[in-house]
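J.: Kindly generate the corresponding structure for this input.
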Amino acid sequence: AVEGMSTVIQNTVLDMQKTVEDGLERILRGAGKPAVLLCDRGMMDSAVYLDNDTFQDMLKQRNEEAADWRERRYNAVFHMVTAADGAAQFYTLENNEARSETPSEAVLVDHKTQRAWMGHPHLTVLDNSTDFEGKLQRLVEATAGLVGLPVNLSRTTAKFLLARPPDLNAMAVDYQIFEVEKVYLIDQDLSNDRSFSYLKSNNNDNDNNYNSNNKYYKSRSRSFDSMQDLNDVSGSSPHKSST
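T.: Okay, the predicted model is just below:
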């Protein structure tokens, strides 16, 4: 391959992708109605196809920050794990002419993609623990939860109190370090004493990403969240998600 061609290709893809995404967002804003913009890939995907030094050089040339692409550009990221990882019997090249990876190569690209998006505050990884229809249903449920619609899947949050600070040098998995600050609001929805609202700030690479979150309980078994990106002060931003 010609030296530097990978950077040329990724820059070209990014330029086209940004133009299409921004253009569709302007159209949705102009319509003045609630909307969801689903993107087949996100701009951080380009990091998968370049080594880290080359990717960082490309960012500098474009005068852009990885944190902006990863945490601010998209309200949520839904990663659908390749069938090659956990459902290898269903992985095939027959239904996609553009696909050329072997199962092992597909798993490698998949893991790199997950690492590229690690640190997004609303990253959902959809594995192959169900059949494909179940996987799509989980995607629909997650998207519905993003825009504030009732969902059928229960939400489970697990937090752990560590006995001591972890040894990061001994970590066996990739990780991102960021600080999260939550401010719970006193002015709550008095009609529902099980609802609450809070502001959340994620600090990553010395950049702050602000969100407003509201949790509503509709019954004993069903609840949903709504989330507003406070970095966009226009008040009419469509939810933009990368899958």
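
J.: Could I get the buried residue list for the strand or helix carrying residue 112?
T.: Take DSSP states H and E as the rule and residue 112 turns out to sit in helix 103-117. Going by neighbour count (16 or more other C-beta atoms under 10 Å), the buried part of helix 103-117 is 106-110, 113-117. From N, CA and C alone the C-beta is placed, and that goes for glycine too.

J.: Save those residues as JSON lines, and put in distance to residue 71 and pLDDT too.
T.: Shown next, in JSON lines, are the buried residues of helix 103-117 (distance: C-beta to C-beta, whole Å; pLDDT from 0 to 100):
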{"residue": "106", "distance to residue 71": "26", "pLDDT": "94"}
{"residue": "107", "distance to residue 71": "26", "pLDDT": "95"}
{"residue": "108", "distance to residue 71": "24", "pLDDT": "95"}
{"residue": "109", "distance to residue 71": "22", "pLDDT": "95"}
{"residue": "110", "distance to residue 71": "21", "pLDDT": "95"}
{"residue": "113", "distance to residue 71": "16", "pLDDT": "95"}
{"residue": "114", "distance to residue 71": "15", "pLDDT": "94"}
{"residue": "115", "distance to residue 71": "15", "pLDDT": "92"}
{"residue": "116", "distance to residue 71": "12", "pLDDT": "94"}
{"residue": "117", "distance to residue 71": "9", "pLDDT": "93"}
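
J.: want to try JSON lines for those, with distance to residue 88 as columns?
T.: Formatted as JSON lines, those follow (distance: C-beta to C-beta, whole Å):
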{"residue": "106", "distance to residue 88": "9"}
{"residue": "107", "distance to residue 88": "9"}
{"residue": "108", "distance to residue 88": "14"}
{"residue": "109", "distance to residue 88": "15"}
{"residue": "110", "distance to residue 88": "12"}
{"residue": "113", "distance to residue 88": "18"}
{"residue": "114", "distance to residue 88": "18"}
{"residue": "115", "distance to residue 88": "21"}
{"residue": "116", "distance to residue 88": "23"}
{"residue": "117", "distance to residue 88": "23"}
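
J.: ok, of those, which one's closest to residue 47?
T.: Closest to residue 47 out of those is residue 116 (4.4 Å), distances taken as C-beta to C-beta.

J.: Quick check: the closest one touching residue 52?
T.: No. Counting by C-beta atoms under 8 Å, residue 116 sits too far from residue 52 to count as a contact (10.4 Å).

J.: about what we covered before: nearest to residue 15, of the buried residues of helix 103-117?
T.: The closest of those, once distances to residue 15 are taken by C-beta to C-beta, is residue 116, at 18.8 Å.

J.: ok, residue 90 to residue 103 distance?
T.: Separation of residue 90 from residue 103 (C-beta to C-beta, to the nearest Å) stands at 11 Å.
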